[in-house]
Structure formats: C-alpha cells, structure tokens
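> Need a 3D model of the sequence below.
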Amino acid sequence: MLKYKQLSFLDEPVVTVEDDWTFNGASTRELTHCYHDYPARMIPQVASKLIEMYGENAKLLFDPYCGSGTSLVEGMLRGIDVIGTDLNPLARLIAEAEVTFPDLFTLDNSIKQFNDFVLRSQPIKLDKPPVINGISNIEFWFKPLVIEKLLRLKVFIDTIEDDAVRLFFKVAFSETIRESSNTRNDEFKLYRYEQSKLKIFNPNVFYIMFSKLKRNRLGLEKYVEKMLELKDFPEAKVYGFNSVEEMPSEVFGKRLADIVVTSPPYGDSHTTVAYGQYSRLSAAWLGLEEPDKIDRKLMGGQSLKKIPVFPSDSLNETINIIRQKDHKRAQEVASFYSELQQSITKVAKVIKHGGYACYVVGNRKVKGTVLPTDVVIRDFFSVEGFEYITTHHRLIPNKRMPLRNSPTNASGVLDDTMTQEYIVVMRKGFGNIAADRKLGYRVSARKKKGKITPRKVKSARDMKKKKGIIYKQMRKRKKI
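From the prediction side, this is the model:
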C-alpha cells in the first residue's frame with residue numbers, strides 16, 4: 001500500500017496500488033506528445049485514465065487551460081471531439097500541431113527539401129543583428145552564428161505552402177530555437193549560461209532541427225495509425241479566448257461538454273511556473289503576438305487592491321494567515337483565486353448535466369503557508385451545483401520542478417515545493433436541465449449505456465477523405 005503525505009486541510013489520504021496515479025517510469029512522449037516540451041505538462045497517462053474512468057460515451061471534451069494539448073490528443077484517440085483554449089500563443093501553436101494531421105507524402109517531400117536546403121543554402125550576410133520583436137538584446141541570448149542559421153531556417157519555413165506541414169515545421173523550429181539559445185535548457189525561466197559554459201557552447205542548429213523533425217515525424221505516424229482504427233474522425237478546435245472573461249457562444253454552439261479534463265496553473269506565473277519566460281524566445285522568433293507580455297495576461301497576472309471573501313472557508317483562512325505576514329502577497333494570491341473562480345463559473349455553464357470536471361492541481365506554498373487548491377476547487381464547483389466525487393492523489397516524478405525554492409525571496413532561505421498533485425473530480429447535478437433546454441442546449445437527464453460512438457467530422461479538412469492516402473503512405477514509409 002502506498003501512503004502519501006498530503007499538503008491539504010483534508011485528512012491524510014491512504015492510496016492503494018490500484019489507485020496509483022504516479023505512472024513512474026512510463027513514457028510520456030509517445031505519439032504527438034513528443035512534439036514539444038512544456039512547463040508542468042500534464043502527462044498523457046493521467047488524461048487517458050481520467051477519460052477512461054469518467055468519459056464513457058463522451059462526445060465532447062473541453063480543456064480551458066489546454067497548454068500543449070495533452071488532454072486534446074487523448075480525447076481524440078477515443079473518438080471524442082475536443083475543444084481547448086489557452087492564452088499562451090506558443091501553447092496554442094503546439095496544441096494545434098499535436099491534433100493536426102498533415103499529409104505524410106507532402107510532409108516527407110518538405111523534409112527532403114529541407115535537407116537539400118541545408119546542404120545548398122548560403123549564409124546570410126548580416127551587417128547588424130536582426131530585430132526580433134520581443135527580444136531586446138538578441139546577441140545576449142543567441143550567438144551570431146546561431147542567429148544566422150535560425151534566420152535561414154525561418155526563411156525556409158515561410159516558403160512552405162501547406163498550412164499543416166508549415167505548422168509541423170514551426171513546432172520543431174520552436175524547440176530548435178530554445179536548444180540553440182544561450183539560456184539554460186534545464187530551466188523554464190530565462191537564465192543565461194555562465195561564461196565558462198558559453199565559451200564551449202556551439203550548438204549545431206541544423207542538426208537539432210533535423211532531429212526534431214525526425215522524432216516528430218515518427219510520433220505523427222504512430223498517432224495516425226491509431227486514429228485510423230476509429231470509425232470516424234473526431235474534430236479538434238484550439239482557441240485563445242480567456243475563460244476568466246468569456247465563454248464565446250460560437251465555440252460550443254448548442255453543444256455542452258461531457259467532460260472537462262484540465263490542469264490549471266498552480267498560481268500566477270510570476271511566482272510559480274514561468275510560462276511566459278519559457279515561451280518568450282520561441283514566440284518572438286515565430287512572430288507570435290506580444291511574446292514579452294504573456295505572464296501579465298495569465299491568471300493572477302494583475303494584483304487585486306481589495307481581497308474578496310471567497311465561498312471557501314479554507315481559502316479565506318489561508319489568505320488571512322498570509323495577509324498577517326505580507327499584505328501584498330495576500331493580494332496577489334487573492335487575485336489568482338478570484339480569476340480561478342470566475343473561470344470555473346464560466347466553465348461550469350458549458351458542462352452538461354451529469355458531466356464531469358476533472359481538475360489536476362497542486363497545493364503550493366506562499367510565505368510558508370500551504371494553499372489548499374484542491375479544497376478550493378471543490379468549493380468553487382459546489383457553488384455552481386456540482387457534487388464532489390473524489391480526489392485522486394499523485395506523486396510528481398515526471399514534472400521538471402525544483403524540490404526546494406525560496407518562497408520569501410530571501411537569500412539562503414529555502415522551503416519544500418510541490419511534490420504531489422490532487423486530481424479533483426466533480427459531477428454536475430441535474431437541477432437546471434429545463435433552463436439549459438430553454439437556452440437551446442441539447443441536454444439529456446439520462447446517461448446512455450454502451451461504448452463510445454464517435455461523431456462524424458463536419459470540418460472542411462475531413463480526415464476521412466485522406467484516409468486512403470495516409471494509409472498507403474504509412475505502408476511504404478516507415479522512416480523519415
């Protein structure tokens with residue numbers, strides 16, 4: 001029997017082997033999950049198990065903080081239509097690529113053209129460093145030879161006509177940018193290599209790009225093989241709307257989500273996971289919007305002047321403890337939870353009655369005080385008419401996060417960080433079915449039995465039309 005120490009106001013849990021969510025040693029980079037690294041990424045095994053447990057007969061999955069698209073890929077593998085949104089433009093690019101199926105023959109031709117381009121292209125003469133919006137001092141983050149080669153790669157990618165193939169190349173280019181930069185690759189924040197490391201750091205830009213293309217091409221082929229087992233192909237849509245502010249009616253139409261599988265930020269980006277810093281260099285080179293302002297746009301990016309009273313006694317008590325130590329930090333914490341509550345209020349409205357909300361969260365510390373986010377999620381959803389089902393507990397062996405940090409920013413003062421996650425499962429009650437029907441949503445008060453029946457895709461880019469071509473290419477081409 002496994003027993004986890006719990007950072008929560010709830011009783012210490014006892015976790016049986018059958019309910020073990022650690023997946024220690026499991027490969028987390030299979031299929032298109034291999035495309036790109038991303039901070040605090042939900043591993044596919046967690047999303048897969050949640051969908052298997054709570055997504056029976058599901059037709060629509062929604063992820064309001066989709067990140068690199070883990071839950072979207074896992075939903076599609078089960079024939080479920082998926083919708084995701086994220087405020088980080090690099091996350092959206094990765095997620096969209098992971099659920100997009102370029103024609104393999106066209107992709108292979110472009111990779112061959114890329115190899116020819118690398119062998120034949122001439123260096124670009126640069127009289128001065130190029131201007132890349134979002135990077136104020138480009139030579140601080142990249143060596144001159146690296147800059148020149150990245151420019152050549154960018155020129156080649158911009159000439160690719162097929163949208164899906166160009167997107168595939170952009171994702172490989174993004175990781176190439178980061179691995180070729182002067183920033184430490186074992187950190188998500190932007191930290192430049194020390195001078196001794198920079199003296200011997202000479203990345204082979206073209207080789208890095210080629211290796212990413214080769215790896216991702218193999219992952220795509222395996223993904224396509226699994227998708228071809230489905231009777232019909234599901235539809236995937238990735239958006240950039242903010243679930244804190246709105247839930248656009250045109251996104252869902254008259255449909256409601258059967259299941260939400262998501263992992264919201266553990267806290268504001270300034271003091272927890274630096275999504276914006278991780279994305280900045282790649283987003284700038286790719287020409288994505290405002291790459292240097294991402295963290296300010298994310299949840300809790302703007303501090304509240306007045307701390308509200310939340311519908312969670314545990315949260316109110318915790319914030320009050322922090323306020324006695326540092327009023328400003330208490331305001332920042334309150335800002336994050338205020339926006340989380342606003343988001344949950346809107347997410348709750350697009351989940352069908354009897355549908356599930358599965359939130360993977362971590363309980364971080366602020367000023368030495370544990371924030372009970374798992375309990376807060378329960379309280380916030382309960383206000384919206386959801387019933388609590390369970391909380392699964394998971395150790396974190398696979399996320400790149402420091403075991404100790406400096407929560408007070410005082411030199412030499414360290415404290416433990418999050419070493420486990422809480423998977424909170426809530427289910428929407430049946431109290432307002434009539435109201436939803438009046439609004440025009442298609443709802444049902446009865447849970448149908450049986451296996452998943454995938455929907456037929458109605459998008460212009462219907463994968464079914466390409467099924468024969470893709471299958472033929474897969475039999476002929478087993479390598480990049």
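
> hang on, Trp21 is in a strand, isn't it?
No - counting by DSSP: H, G, I helix; E, B strand; the rest coil, Trp21 is located in no strand; its state is coil.

> okay, now it: neighbour count?
As a burial measure, Trp21 scores 18 neighbours (other C-beta atoms under 10 Å). Placement of C-beta: from N, CA and C, glycine included.

> In this model Ala47 seems to touch it, though I could be wrong.
No - using C-beta atoms under 8 Å, Trp21 is not in contact with Ala47, being 11.2 Å away.

> Reduced to three states, what does Gly392 come out as?
Rather than Gly, residue 392 is His. Per three-state DSSP, His392 ends up strand.

> same deal with Phe62?
Secondary structure state of Phe62, per three-state DSSP, is strand.

> mind listing what it touches?
By C-beta atoms under 8 Å, 6 or more residues apart in numbering, the residues touching Phe62 are 82-84, 257, 259-260, 262, 347, 350-351.

> hmm, 7 Å instead?
83, 257, 260, 350 (C-beta atoms under 7 Å, 6 or more residues apart in numbering).

> and what of Val165?
For Val165, the contact set (C-beta under 7 Å, 6+ apart) comprises 102, 106-107, 110.

> Kindly report the same for Gly134.
So Gly134 contacts 280, 283-284, 291-292 (C-beta under 7 Å, 6+ apart).

> And it, its phi and psi?
Per-residue torsions, Gly134: phi 110, psi -10 (degrees, to the nearest 10).

> give me the number of residues near Val131?
When neighbours are defined as other C-beta under 10 Å, Val131 has 8 of them.

> A strand includes it, no?
No - counting by three-state DSSP, Val131 is not part of a strand but coil.

> TSV for the contacts of Val165, including distance to Thr373, pLDDT and secondary structure?
What follows is these, written out as TSV (distance: C-beta to C-beta, whole Å; pLDDT from 0 to 100; DSSP: H, G, I helix; E, B strand; the rest coil):
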residue	distance to Thr373	pLDDT	secondary structure
Pro102	38	97	coil
Thr106	45	97	helix
Leu107	41	98	helix
Ser110	44	98	helix
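
> Show me where the stretch 301-450 of the chain dips below the pLDDT cut-off.
Residue ranges of the stretch 301-450 of the chain with pLDDT under 70: 301, 398-418, 431-450.

> which stretches of it form helices?
For the stretch 301-450 of the chain, the helices defined by DSSP state H, counting those that start in this stretch occupy 313-325, 327-349, 373-383, 433-438.

> Report the separation between the spatially closest residue to Gln302 that is not a sequence neighbour and Lys197.
For Gln302, ignoring the flanking residues on the chain, the nearest one in space by C-beta to C-beta, 6 or more residues apart in numbering is Ser335 at 6.4 Å. Distance of Ser335 to Lys197, computed by C-beta to C-beta, to the nearest Å: 37 Å.

> Check whether Pro102 really touches Phe168, as I assumed.
Yes - contact criterion C-beta atoms under 7 Å: Pro102 and Phe168 qualify, at 5.4 Å.

> Tell me which of these two has more neighbours.
Using other C-beta under 10 Å as the criterion, Pro102 and Phe168 rank with Phe168 on top: 27 against 23.

> Quick check: buried residues in the helix or strand containing the more buried one?
In the assignment (DSSP states H and E), Phe168 maps to helix 163-180. For helix 163-180, burial by neighbour count (16 or more other C-beta atoms under 10 Å) applies to 164-180.

> Quick check: phi and psi on the residue lying farthest from the centre of the chain?
What lies farthest from the middle of the chain is Asp127; by C-alpha atoms, centre = their mean that is 39.1 Å. Backbone torsions of Asp127, given as degrees, to the nearest 10, read phi -80, psi -30.

> again, but for the one 3 residues further on
For Pro130, the backbone dihedrals (degrees, to the nearest 10) come out as phi -70, psi 160.

> can you pull out the strands in the stretch 201-350 of the chain?
Secondary structure of the stretch 201-350 of the chain (DSSP state E, counting those that start in this stretch): strands located at 236-239, 257-262.

> highest average neighbour count across those strands?
strand 257-262 (a mean of 26; mean count of other C-beta atoms under 10 Å).

> hmm, who's touching that strand?
In contact with strand 257-262 (C-beta under 7 Å, 6+ apart) are residues 47, 50-51, 54-55, 58-65, 71, 347, 350-352, 355-359.

> try 8 Å this time
Against strand 257-262 from outside (C-beta under 8 Å, 6+ apart): 42, 47, 50-51, 54-55, 57-66, 71, 74-75, 80, 83, 347, 350-352, 355-360.
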